[in-house]
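[1] Prediction below, plus the sequence it came from.
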Amino acid sequence: MRLTTTQIEFIRSTAQQLLGERVRVTLFGSRVDDAKKGGDLDLLVETPEAIAEPALLSARIASRVSRAMYGRKVDVILKAPNLLAQPIHEIAARTGVLL
């Protein structure tokens, strides 16, 4: 996994600040592969609570993490009981690494 301990902690704490202690964050995509270089951050953010404004929340998480990582592109996929499950959720859960 191509993230530092500091970056992992920042990502987790950002998600917890916005969604609470029960949030789970999974890194998936190219950043999981140590042999690759570059690439954006793909994050699956899961919460057991309903999310009222998913687009706004996703943008907030992505922008905070992006700023902390010097402008690196960040994609955030949300998973919550009130959101429609998509194939990307299964792919991220199957291939990702829990932070």
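    Received, thanks.

[2] tell me the contacts of the most centrally placed residue in the chain?
    Compute the mean C-alpha point of the chain, and by CA atoms, centre = their mean the closest residue is L43, 2.4 Å away. Going by CB atoms under 8 Å, 6 or more residues apart in numbering, L43 touches 11, 25-28, 61, 65, 74-77. Just so you know, the C-beta spots here come from the backbone N, C-alpha and C atoms, and that holds for glycine as well.

[3] Repeat that for A93.
    26, 44.

[4] Name the secondary structure element that contains it.
    helix 87-95 (DSSP states H and E).

[5] What is the distance between that helix and the centre of its chain?
    Relative to its chain's centre, helix 87-95 lies at 12 Å (CA atoms, centre = their mean, to the nearest Å).

[6] ok so, going back, which among the contacts of L43 end up buried?
    11, 25-28, 61, 65, 74, 76-77 (16 or more other CB atoms under 10 Å).

[7] Okay, and which of those residues map to helices?
    Within the buried ones among the contacts of L43, residues falling in helices by DSSP state H are 11, 61, 65.

[8] From L41, how far off is the second one?
    What it means is I61. 10 Å (CB to CB, to the nearest Å).

[9] who touches both of the two?
    With CB under 8 Å, 6+ apart as the test, I61 and L41 both reach V74.

[10] can you map out the strands along this structure?
    24-28, 41-46, 74-79, 97-98 (DSSP state E).

[11] Format the ones you listed as a markdown table; extra columns: mean pLDDT and distance to P54.
    Converted to a markdown table, the strands of the chain look like this (pLDDT from 0 to 100; distance: least, CB to CB, whole Å):
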| stretch | mean pLDDT | distance to P54 |
| --- | --- | --- |
| strand 24-28 | 96 | 15 |
| strand 41-46 | 96 | 10 |
| strand 74-79 | 97 | 5 |
| strand 97-98 | 95 | 21 |
